[in-house]
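> No letters, just coordinates:
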């Protein structure tokens with residue numbers, strides 16, 4: 001899937017430059033980041049193993065498909081031709097009785113998925129918690145005010161001027177922005193939820209609005225939360 005638009009943040013900016021922290025807090029934060037990176041490397045290895053096993057399974061399915069398709073293309077040109085050889089009839093009945101059953105009801109896909117889940121659960125204790133995500137939001141809120149179409153810029157006389165270009169940046173998806181906006185939304189911080197959800201909607205639309213498996217939210221979810229956030233901001237301004 002091709003994504004033509006993205007938002008780029010520097011996590012070092014969010015955790016160091018935006019939020020004043022002590023050296024002790026910074027050291028702890030760096031240790032946590034190193035641990036998180038190490039855990040994700042393990043998850044990448046588990047996912048690669050899963051992909052390899054699934055690829056082998058799909059190769060078997062494709063092989064069976066090719067075998068059956070070739071038989072119908074080359075051998076079964078007419079019922080009379082097929083019935084002339086009793087072995088042809090036997091193999092046809094065998095396939096319909098057992099081979100198709102084995103392919104359709106194969107447990108390989110479930111076993112591969114379960115192996116991936118078990119590997120993930122082994123690392124679950126070292127994964128970030130919901131409070132880690134919530135704790136990182138204030139820094140992101142500070143940063144979003146300096147974002148213009150994904151860059152840290154300030155608009156001067158109608159022209160965007162770069163105020164910071166991080167050496168290392170990370171693209172944010174519509175789902176990333178939705179999740180940060182949703183945290184603000186659930187904490188009733190509607191001012192910031194509007195900013196994040198508007199960016200989420202823009203990115204979801206830029207990506208075609210298609211859902212992908214790793215996403216927690218959708219374009220529709222972002223629009224629903226955004227509409228209510230706008231309503232709450234309007235109500236607060238009216239009071």
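Structure received. None of the values given here were measured: they were computed from a predicted structure.
> List the residues that contact the residue lying closest to residue 46 once chain neighbours are set aside.
Once flanking residues are discounted, residue 46 sits nearest to residue 119: 3.9 Å by C-beta to C-beta, 6 or more residues apart in numbering. From N, CA and C alone the C-beta is placed, and that goes for glycine too. Counting by C-beta atoms under 8 Å, 6 or more residues apart in numbering, residue 119 touches 42, 43, 46, 49.
> list the buried ones in stretch 106-124?
Going by neighbour count (16 or more other C-beta atoms under 10 Å), the buried part of stretch 106-124 is 112, 116, 119.
> Now pLDDT and distance to residue 178 too, for those, in a markdown table please.
Shown next, in a markdown table, are the buried residues of stretch 106-124 (pLDDT from 0 to 100; distance: C-beta to C-beta, whole Å):
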| residue | pLDDT | distance to residue 178 |
| --- | --- | --- |
| 112 | 96 | 29 |
| 116 | 97 | 25 |
| 119 | 96 | 27 |
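> just checking, what packs against the helix or strand hosting residue 44?
Element membership for residue 44, per DSSP states H and E: helix 23-70. Other elements packing on helix 23-70 under the criterion 3 or more C-beta pairs under 8 Å, 6 or more residues apart in numbering; DSSP states H and E are helix 108-123.
> the inter-axis angle of the helix it packs on versus helix 23-70?
With axes from the mean of the first three to the mean of the last three C-alpha atoms, to 10 degrees defining the directions, helix 108-123 sits at 170 degrees from helix 23-70.
> Which parts of the host helix or strand of residue 87 count as buried, going by neighbours?
Element membership of residue 87, judged by DSSP H and E, is helix 86-94. Within helix 86-94, the residues scored as buried using 16+ other C-beta under 10 Å are residue 92.
> What helices and strands are in contact with it?
When contacts are defined as 3+ C-beta pairs under 8 Å, 6+ apart, helix 86-94 packs onto helix 79-83.
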